[in-house]
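> Sequence and computational prediction follow.
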Amino acid sequence: MPLKRKERVRSADKRGGIELMLAENVADLGGQGEIVRVKPGYARNYLLPQGLATVATEANKAMVERHRARQGELLQLKLKEIRQMAEKVRDYSVTLEANATDEGHLYGSIVAVDIAKALKAAGYPVEAEHVKLDGPLKELGMYTIKLQFHAEVGTEVKVWVVPTSSIR
């Protein structure tokens, strides 16, 4: 009777993949903390030596879940603070002076940076990227400008563009 070769032990996956947990974001594979199944050679020759992934043990999975839960709590606290700040900003109105013609056209224009500077001077932590303008403001008047602090948190602020007062 001929000797049978030892059969290779395969993982439960029919494709023969190895389950790994990503330590970093990997293009076309997944984000940090995700559990992925990859070919053994890809894991052995690239992901593990580069430190991009680690073996997905139960302890590692539990650690990632605790980390995700903590990150979720921190995100909720941050969103609460952002919402409170958005409520305060909504009740404020910004007045910006600009040189203008007698018809009300500005010689320059008011852009997001100008609005953000005025809000910062008033004590609100608003950056230029939070200010959402359709284009620069080029005339005197009152404008309602949208502010987007987070994907879930936005508000509006009133901006008054008035002529520069010149004392002669």
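Okay, I see it.

> can you give me the helices for the chain?
Ranges of helices within the chain are 40-42, 58-90, 112-121, based on DSSP state H.

> May I see the buried residues of stretch 61-70?
Val64 (16 or more other Cβ atoms under 10 Å). No exception for glycine: its C-beta is placed from N, CA and C like everyone else's.

> What does the pLDDT read for Glu34?
On pLDDT, Glu34 comes in at 87.

> what's near enough to touch it?
21-22 (Cβ atoms under 8 Å, 6 or more residues apart in numbering).

> switch the cut-off to 7 Å
Leu22 (Cβ atoms under 7 Å, 6 or more residues apart in numbering).

> what residues go with each domain of this structure?
18-79, 85-163 (automatic domain parsing).

> State the mean pLDDT of stretch 84-98.
91.

> looking at the helices of the chain, which is buried most?
Comparing those on average neighbours per residue, with mean count of other Cβ atoms under 10 Å, the densest one is helix 112-121 at a mean of 17.

> Restricting to C-alpha, output it in PDB.
Provided in PDB are the C-alpha atoms of helix 112-121 (Å, rounded to 0.1, in the frame of the first residue of the first chain):
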ATOM      1  CA  ALA A 112     -14.200  83.400   3.700                       C
ATOM      2  CA  VAL A 113     -10.900  84.400   5.400                       C
ATOM      3  CA  ASP A 114     -12.300  87.900   6.200                       C
ATOM      4  CA  ILE A 115     -15.400  86.400   7.800                       C
ATOM      5  CA  ALA A 116     -13.300  83.800   9.800                       C
ATOM      6  CA  LYS A 117     -11.000  86.600  11.100                       C
ATOM      7  CA  ALA A 118     -13.900  88.700  12.300                       C
ATOM      8  CA  LEU A 119     -15.500  85.700  14.000                       C
ATOM      9  CA  LYS A 120     -12.100  84.800  15.600                       C
ATOM     10  CA  ALA A 121     -11.700  88.400  16.800                       C
END
